[in-house]
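Chemist: dropping a prediction and its sequence here:
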Amino acid sequence: MSTPAEESGTPSQAVEVFKDHEKLFRVLIENSSDVLALVSGKSKFIYISPQIQKILGFTPQELVGRSTNDLFPSDYSREIGEQFRVVAATPGLTVTVEHPYLHKDGSVRWIESTITNHLHEPAIGAYVANFRDISHRKHAEEQQQVLNQASNILTFSLDHQITLREIAGLIVPALADYCRIAILDDKQQIREISVSHIDPEKISLVRALYEQYKDRTSSTHGLQRLLETSKPELISSVSGDILETVQDDVVMLGIINALGLQSYMGVPLIARGKTIGAITFSSVQPYRHYTGDDLLFAGELARRIALVLDISDQKELERRKDEFISMASHELRTPVTSLKGFTNLFQRRLAKQADEQALHYLARMDAQLNKLTKLIADLLDVSRMLTGKITYREEPFDLDTLIRETIENLQAATPTHQLRLEGSAEAQVFGDRDRIGQVLINLITNAIKYSPRADTVIVRVACDAQNVEVSVQDFGIGIGKEHQQKIFERFYQVTDPEEKTYPGLGIGLYLSYEIIRRHEGNMWVESKKGEGATFHFSLPLWKGRIYNESQVAG
Amino acid sequence: MTKSINKKILVVDDEPDILEFLRAILEDEGYTVATTDKGEYVEELHNGGLPHLIILDMLLSGKDGREIVKHLKRQDETRHIPVIMFSAHPSAEAAARTAGADDFLAKPFEIDDLLVKIALFI
């Protein structure tokens, strides 16, 4: 407990502070656009100027005597405390700190505080603080940051479904608690919807609602309306009047209630005058109400997304490119089929004559033909991936069986290395079994290929409540730090200082990375040059219900 | 090898090299082999000269392999003949099976894989 002299935050104590020229000071302080405050050594407000009500909603009477800590959002306290400790420890020190404070309504305001430690001065015996509301600036900074991140996502956009999911994941929670992105197809039907909600339970709830009333959904507001009118809309406060206009609409009311909708805005995605989709932003926070400014920002975001999604022109080009690659891979496979056939014929005939050396050469030839075949298949896959044409099966499968089978098959063809399996998943994952198998084959064959002097490759499997992690460790040449992120890029090749390249790494890893990402997983590598490499990937465990954030409509 | 004797296999492909190595290998295995690059030939098959198995390319010049297999599976006298389709489009398997093919092989393939498949049918 503190002493009464130190802690008394009564107005009479505050008056003491101004005993000379009281009127003048009071006028100066109370008319300043900044808030001035005196804070005790125990962090309690002794005095705070009335301006505070404009910023935080509290009257001075409501705050005097309370701890400044009450105003910090729970998730910021520790970090802010660290900054204030420096001031507390240094008499006379002045610092300026940017920090969040809670408004009376529960929303977060950003404050720039200039605090001076006057505890040691007998006449003051307090911290003198000056607060300025910088929420507007912070908001603009946050928006800029979201735009930058969105631009990053869009720049590297290859697969539209992944792009939309990542954009939705960015909008929630930065700008909204709930967000839907719809894309139209050539026939103006909704082709794809990406949904993100701060509370994943609600995604399925809302989806079920929309599904149930799909054809009856009112077009007074929301996606349908945006797609029909191509005009942005803003309902700053989903209050009585709005609820009244939709009161006959059971669906809309149901959705609004289920979501606890407080504020809403939506913008169309327009590319060269044509509406190709729409985004909606919904807030369930009582204090987040969208403004005209926010709508302008949403429009800018939509403009950038539309630019990337505008593929109507590119579509034809992509279709022709895909057709070409598909034809080219067919044309390449035909001569390889003959080469392989004659090689096999030769092998069978020579086997009868037991010509060991010739058989050895033929086996090498055959192995190279198999590599060529895989390369052609990978090229076709990359092409399909770029045009979003790879289709993935979506079904739960047992990961342990897949890993065991893959290791057995590869072990049968690998005389040089022992493939060791440690751990198990004892769980199912959801997706395309063959494609995940392709990832395992890629990682294990790479591990064998790049550890020519080692004799072991270890495959480890481990699970937590949410994810399964599979790692493939080799004891080979390793990968330098400078290459570790880039090796997942398309066609990247590691070139070492002696200019010796390791060809073939590019496509397989890129494909694997994309496949894992498409399954909502992650892939990364740990390695030191000369000490081998461990490639990891993680996949979400199948929980027995559909929880993925993207769906294909219709 | 003796068990293969008198088993007749018809190979249909428009690539002469593929016909040639398949003939050599299948004959080495003891099968009697007929080859053709004309899809029409298959549709004119009638009793007397029927093969025990047909290996059929999916994309023949001038003729869709799927139409041929559909035709074969429609006729009473040819319905029972197993048809293995192969294609250099690895994704063609579903289409081949839908058309009525009994099995599918992606080109290029291991000869051993083909021989195993043949042995399963005849």
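Modeler: Received it, and whenever you're ready, just let me know what you need. This structure is a prediction, so every number in the text was calculated from the model and none was measured. Numbers count the residues shown, from 1 in each chain, chains lettered A, B, ... in the order given.
Chemist: and the pLDDT at residue 22?
Modeler: You didn't say which chain, so I picked chain A. The model reports A:E22 with a pLDDT of 76.
Chemist: right idea, wrong chain: chain B
Modeler: Looking at B:L22, its pLDDT reads 96.
Chemist: not counting residues beside it along the chain, what's closest to it?
Modeler: B:V11 (5.1 Å; C-beta to C-beta, 6 or more residues apart in numbering or on different chains). In short, each C-beta sits where N, CA and C put it, glycine included.
Chemist: doesn't that neighbour belong to a helix?
Modeler: No: judged by DSSP: H, G, I helix; E, B strand; the rest coil, B:V11 forms no part of a helix; its state is strand.
Chemist: count of neighbours near it?
Modeler: Using other C-beta atoms under 10 Å in any protein chain shown, B:V11 has 24 neighbouring residues.
Chemist: any idea which helix is longest in the chain?
Modeler: Picking chain A for this. helix A:312-353 (DSSP state H).
Chemist: ah, no, chain B please
Modeler: Assignment by DSSP H gives helix B:16-28 as the longest helix of chain B.
Chemist: and A:F397, how many neighbours does it have?
Modeler: A:F397: 17 surrounding residues under other C-beta under 10 Å.
Chemist: close to chain B: what parts of chain A are there?
Modeler: A:326, A:329-331, A:333-334, A:336-342, A:344-345, A:348-349, A:369, A:373, A:377 (C-beta under 8 Å from any C-beta of the partner chain).
Chemist: if we can go back for a sec, what angle separates the longest helix of chain A from helix B:16-28?
Modeler: Following axes from the mean of the first three to the mean of the last three C-alpha atoms, to 10 degrees, one obtains 40 degrees for the angle between helix A:312-353 and helix B:16-28.
Chemist: now for helix A:312-353, which elements pack on it?
Modeler: helix A:356-386, helix B:16-28, helix B:111-121 (3 or more C-beta pairs under 8 Å, 6 or more residues apart in numbering or on different chains; DSSP states H and E).
Chemist: just those helices: most buried one?
Modeler: When those are scored by mean count of other C-beta atoms under 10 Å in any protein chain shown, the highest mean neighbour count falls to helix B:16-28 (a mean of 18).
Chemist: which elements pack onto the helix or strand following it?
Modeler: Sequence-wise, the next helix or strand downstream of helix B:16-28 (DSSP states H and E) is strand B:32-36. Contacts defined by 3+ C-beta pairs under 8 Å, 6+ apart place strand B:32-36 against strand B:8-12, helix B:16-28.
Chemist: which one of those lies nearest to A:Q224?
Modeler: Closest of the helices and strands packed on strand B:32-36 to A:Q224 is strand B:8-12, at 53.7 Å (criterion: C-beta to C-beta).
Chemist: so for that closest one, what gets flagged as buried?
Modeler: For strand B:8-12, a neighbour-count test (16 or more other C-beta atoms under 10 Å in any protein chain shown) marks B:9-12 as buried.
Chemist: I'd like to check the angle between it and strand B:32-36, please.
Modeler: Using the same axes, to 10 degrees: strand B:8-12 against strand B:32-36 is 20 degrees.
Chemist: check the offset of the worst-scoring helix or strand of chain B on mean pLDDT from the chain's centre.
Modeler: Sorted by mean pLDDT, DSSP states H and E, the helices and strands of chain B end with helix B:39-43, the least confident at a mean of 75. When C-alpha coordinates are averaged (C-alpha atoms, centre = their mean, to the nearest Å), helix B:39-43 and its chain have centres 12 Å apart.
Chemist: burial measure for A:R225, as a count.
Modeler: When neighbours are counted by other C-beta under 10 Å, A:R225 registers 19.
Chemist: what does A:D434 give?
Modeler: A:D434: 12 surrounding residues under other C-beta under 10 Å.
Chemist: what sits against it?
Modeler: Neighbour list for A:D434: A:R393 [criterion: C-beta atoms under 8 Å, 6 or more residues apart in numbering or on different chains].
Chemist: picking that back up, reformat the helices and strands packed on strand B:32-36 as a markdown table; add distance to A:G41.
Modeler: Shown next, in a markdown table, are the helices and strands packed on strand B:32-36 (distance: least, C-beta to C-beta, whole Å):
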| stretch | distance to A:G41 |
| --- | --- |
| strand B:8-12 | 95 |
| helix B:16-28 | 92 |
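Chemist: quick one: closest of these to A:A533.
Modeler: Set against A:A533 and scored by C-beta to C-beta, the helices and strands packed on strand B:32-36 come closest in helix B:16-28, at 40.8 Å.
Chemist: contacting residues around that closest one?
Modeler: So helix B:16-28 is contacted by A:334, A:337-338, A:341-342, A:344-345, A:348-349, B:9, B:11, B:13, B:33, B:35-37, B:55, B:57, B:111, B:115, B:118 (C-beta under 8 Å, 6+ apart).
Chemist: how about 6 Å then?
Modeler: If you take C-beta atoms under 6 Å, 6 or more residues apart in numbering or on different chains as the criterion, helix B:16-28 is touched by A:338, A:341-342, A:345, B:9, B:11, B:13, B:33, B:35, B:111.
Chemist: with stretch A:128-143 instead?
Modeler: Contacts for stretch A:128-143 (C-beta under 6 Å, 6+ apart): A:34-37, A:39, A:55, A:109-116, A:118, A:297.
Chemist: which among those residues end up buried?
Modeler: A:34-37, A:39, A:55, A:109-113, A:115-116, A:118, A:297.
Chemist: tabulate the helices and strands packed on helix A:312-353 (CSV), appending distance to A:A427.
Modeler: Converted to CSV, these look like this (distance: least, C-beta to C-beta, whole Å):
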stretch, distance to A:A427
helix A:356-386, 27
helix B:16-28, 45
helix B:111-121, 33
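Chemist: OK, contacts around A:P50?
Modeler: Here A:P50 is in contact with A:30, A:60 (criterion: C-beta under 6 Å, 6+ apart).
Chemist: could you look up the SS state of it?
Modeler: Look at A:P50: counting by three-state DSSP, its state is coil.
Chemist: quick check: phi and psi at it.
Modeler: phi -60, psi -30 (degrees, to the nearest 10).
Chemist: show me where pLDDT drops low in chain B?
Modeler: Low-confidence segments of chain B (pLDDT under 70): B:1-5, B:43, B:46-48.
Chemist: the most centrally placed residue in it and A:T334, how far apart?
Modeler: By C-alpha atoms, centre = their mean, the mean C-alpha position of chain B lies nearest to B:I55, the distance being 1.0 Å. Taking C-beta to C-beta, to the nearest Å as the measure, B:I55 falls 15 Å from A:T334.
Chemist: same question for A:Q83.
Modeler: A:Q83 is 70 Å from A:T334, where distance means C-beta to C-beta.
Chemist: and those two? Which one has more around it.
Modeler: Higher neighbour count among A:Q83 and A:T334: A:T334, with 19 against 15, using other C-beta under 10 Å.
Chemist: ok, the nearest residue to the more buried one once chain neighbours are set aside to B:D17 distance?
Modeler: Spatial nearest neighbour of A:T334, excluding adjacent residues (C-beta to C-beta, 6+ apart): B:A88 at 5.4 Å. Going from B:A88 to B:D17 by C-beta to C-beta gives 13 Å.
Chemist: where does A:W110 land in three-state SS?
Modeler: Three-state assignment for A:W110 (three-state DSSP): strand.
Chemist: give me the neighbour count for A:V128.
Modeler: A:V128: 17 neighbours (other C-beta under 10 Å).
Chemist: what residues sit buried inside the helix or strand it falls within?
Modeler: For A:V128, the host element (DSSP H and E) is strand A:126-133. By 16+ other C-beta under 10 Å, the buried positions in strand A:126-133 come out as A:126-133.
Chemist: which one is B:R79 nearest to, not counting chain neighbours?
Modeler: Using C-beta to C-beta, 6+ apart and skipping residues adjacent in sequence, the residue nearest B:R79 is B:K73, 5.5 Å away.
Chemist: let me fix that, I meant to ask about A:Q262.
Modeler: Of all residues beyond its chain neighbours, the one nearest A:Q262 is A:S283 (5.1 Å), with distances taken as C-beta to C-beta, 6+ apart.
Chemist: A:I203 now?
Modeler: Nearest to A:I203 is A:H197, by C-beta to C-beta, 6+ apart, at 4.7 Å.
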